[in-house]
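**Student:** What shape does this take:
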Amino acid sequence: MSVLPPFQSLPLTLTQLSLAAVLKCGQSFRWSTVLLADDTEYRLCLRDRVVCLRQSPTTLFYRSVYPDPQPAPTQTALLDAETLVWLKDYFQLGIDLTVLYDEWSTRDPVFARMQHRFKGIRMLRQDPWENLVSFICSSNNNISRITKMIHALCKQYSDPLLTFPGEETTYHPFPPPSALAEQSVSVTLRSLGFGYRAEFIQRTAQMLVNAHGGFDTLRDELEPAEKWLMGLRHNTTSEAREELLKFVGVGRKVADCILLMSLDKKEVVPVDTHVHQIAMKYYGMKGNSNGKKVNMTPKLYEEVNAKLFNVWGEYAGWAHSVLFTADLKSFASYGLTEVTSPTSLKHTKGILPTLPMPLLSSPSKRTRDILLKTTVDSDIPAENDYTLAERVKRRRRCK
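**Tutor:** Predicted coordinates for the structure are as follows:
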């Protein structure tokens with residue numbers, strides 16, 4: 001590969017998707033950010049390609065980079081069409097975010113005050129296996145460290161797919177369950193800084209492979225264990241949660257993050273002590289007012305979840321992600337100045353013609369309107385790259 005392919009373009013405003021927010025707020029930990037002279041590019045390595053994204057206020061630019069030998073032109077066209085399908089599914093572009101923002105603003109004065117500043121924040125529809133491993137890593141951790149751990153895991157257990165011309169970084173897909181199921185994996189992951197989470201990951205992978213099967217080598221297709229996890233999307237929320245709680249290192253909050261971020265359970269709000277504090281401060285939840293730690297019992301967890309569901313409705317989990325992104329210190333200046341439109345793509349030779357605007361459906365019609373199904377490919381966001389649980393602990397130590 002000596003020359004990168006041109007970008008293609010999809011009309012999509014920042015009110016529908018803000019890459020700078022969605023890919024940095026603690027949902028996914030594997031996107032690489034490449035700072036260019038006059039733009040920012042985001043890259044994610046799938047099993048057979050690296051997807052590259054840039055954005056202007058009105059357009060999403062995308063391209064796929066494939067490993068050598070390069071596919072024939074006819075095959076490339078088919079693969080690029082697959083990328084577009086994947087993008088629409090991954091970012092759930094069939095959901096009209098402006099409709100949701102209007103609904104939440106009508107129901108919630110707190111959300112109404114922030115809706116224009118924190119626009120374009122939507123839930124990703126991630127690969128459940130990657131999402132599961134990522135949030136096992138999230139326990140007592142922060143976004144920056146989780147990101148390093150996930151990249152180290154991919155580098156250790158997945159062969160490099162490609163390197164961009166003139167760059168040294170190699171891109172690795174996320175390894176399947178069979179690659180992490182051997183007992184030796186926990187020792188290696190500990191040496192990479194995973195701590196007690198190393199055993200959790202290895203034992204969870206082993207449970208999946210033993211119960212549902214796996215392959216001995218990396219392949220393009222999903223393993224049976226991965227297909228089983230993806231099939232939990234068709235289960236009820238309680239049924240899917242019950243299955244997730246069987247895995248080592250998965251408690252109620254981690255399970256709810258996975259339900260929300262990869263299993264289509266849009267109503268689920270992951271709860272911890274910080275979420276409880278927000279519910280008390282803004283939404284009338286009762287609790288200790290002396291600042292002491294509240295024991296997050298199952299009963300209290302359910303009460304907070306039910307309260308926030310009543311405030312935000314069917315897409316409560318989505319609204320929750322906006323509220324907590326707005327609460328991040330790293331987003332303190334987000335939306336305070338107008339976003340400057342990148343000029344590099346507007347005048348770059350090789351940009352392909354703009355595609356038609358994707359159809360946006362009403363949220364209430366999502367379950368019957370969404371047609372995009374793919375076989376491809378995270379805790380609560382955090383202050384200064386710390387997860388919410390870690391923020392609470394740090395704040396207590398400072399008191």
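
**Student:** Now do the strands for the chain: every range, in order, please.
**Tutor:** With strands called from DSSP state E, the chain shows them at 8-11, 32-35, 40-45, 50-55, 59-65, 162-163, 170-171.

**Student:** would JSON lines of these with mean neighbour count, distance to residue 309 and mean pLDDT be doable?
**Tutor:** From N, CA and C alone the C-beta is placed, and that goes for glycine too. Shown next, in JSON lines, are the strands of the chain (neighbours: other Cβ atoms under 10 Å; distance: least, Cβ to Cβ, whole Å; pLDDT from 0 to 100):
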{"stretch": "strand 8-11", "mean neighbour count": "18", "distance to residue 309": "32", "mean pLDDT": "98"}
{"stretch": "strand 32-35", "mean neighbour count": "12", "distance to residue 309": "33", "mean pLDDT": "96"}
{"stretch": "strand 40-45", "mean neighbour count": "19", "distance to residue 309": "31", "mean pLDDT": "98"}
{"stretch": "strand 50-55", "mean neighbour count": "22", "distance to residue 309": "32", "mean pLDDT": "98"}
{"stretch": "strand 59-65", "mean neighbour count": "22", "distance to residue 309": "31", "mean pLDDT": "98"}
{"stretch": "strand 162-163", "mean neighbour count": "16", "distance to residue 309": "43", "mean pLDDT": "96"}
{"stretch": "strand 170-171", "mean neighbour count": "18", "distance to residue 309": "39", "mean pLDDT": "98"}
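
**Student:** For those strands, give me TSV that also has distance to residue 303.
**Tutor:** Formatted as TSV, the entries for these read as follows, by distance: least, Cβ to Cβ, whole Å:
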stretch	distance to residue 303
strand 8-11	42
strand 32-35	38
strand 40-45	37
strand 50-55	39
strand 59-65	39
strand 162-163	49
strand 170-171	44
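
**Student:** of the ones you listed, which approaches residue 330 most closely?
**Tutor:** For residue 330, the closest of the strands of the chain is strand 32-35, at 13.0 Å, according to Cβ to Cβ.

**Student:** for that closest one, packing partners?
**Tutor:** Counting contacts by 3 or more Cβ pairs under 8 Å, 6 or more residues apart in numbering; DSSP states H and E, strand 32-35 packs against strand 40-45.

**Student:** can you give me the angle the strand it packs on makes with strand 59-65?
**Tutor:** Taking axes from the mean of the first three to the mean of the last three Cα atoms, to 10 degrees, one finds strand 40-45 and strand 59-65 inclined to each other by 40 degrees.

**Student:** Please enumerate residues in contact with strand 40-45?
**Tutor:** 19-20, 23, 30-34, 50-54, 154, 161, 171-174, 377 (Cβ atoms under 8 Å, 6 or more residues apart in numbering).

**Student:** The same query, at a cut-off of 6 Å, please.
**Tutor:** Here strand 40-45 makes contact (Cβ atoms under 6 Å, 6 or more residues apart in numbering) with 19, 23, 31-34, 50-54, 161, 171, 173.

**Student:** can you check stretch 106-125 too?
**Tutor:** In this structure, residues lying in contact with stretch 106-125 by Cβ under 6 Å, 6+ apart are 14-15, 17-18, 21-22, 27-28, 89-90, 92, 97, 101, 104-105, 282, 311, 318, 321-322, 325-326, 335.

**Student:** Would you mind checking those for buried ones?
**Tutor:** Buried by 16 or more other Cβ atoms under 10 Å: 14, 17-18, 21-22, 27-28, 89-90, 92, 97, 101, 104-105, 311, 318, 321-322, 325-326, 335, out of the contacts of stretch 106-125.

**Student:** Show me the residues you listed that map onto helices.
**Tutor:** Among these, DSSP state H puts 21-22, 89-90, 97, 101, 104-105, 311, 318, 321-322, 325-326 in helices.

**Student:** Between all of those, which two are at the greatest distance?
**Tutor:** 89 and 311 (28.3 Å).

**Student:** I'd like the ones in helices among the buried ones among the contacts of stretch 106-125 written out as CSV, with distance to residue 250 and pLDDT added.
**Tutor:** CSV is the format used below for these (distance: Cβ to Cβ, whole Å; pLDDT from 0 to 100):
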residue, distance to residue 250, pLDDT
21, 27, 94
22, 24, 96
89, 24, 98
90, 23, 98
97, 29, 98
101, 31, 97
104, 29, 97
105, 34, 97
311, 27, 96
318, 22, 97
321, 20, 92
322, 25, 91
325, 24, 84
326, 28, 80
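
**Student:** from those, which is closest to residue 7?
**Tutor:** Nearest to residue 7 among those is residue 90, at 17.4 Å by Cβ to Cβ.

**Student:** Not counting its neighbours along the chain, what's nearest the closest one?
**Tutor:** In space, and not counting its chain neighbours, residue 90 is closest to residue 125: 5.7 Å by Cβ to Cβ, 6 or more residues apart in numbering.

**Student:** Touching, residue 23 and residue 30? I think so.
**Tutor:** No. Counting by Cβ atoms under 6 Å, residue 23 does not reach residue 30; the two are 9.7 Å apart.
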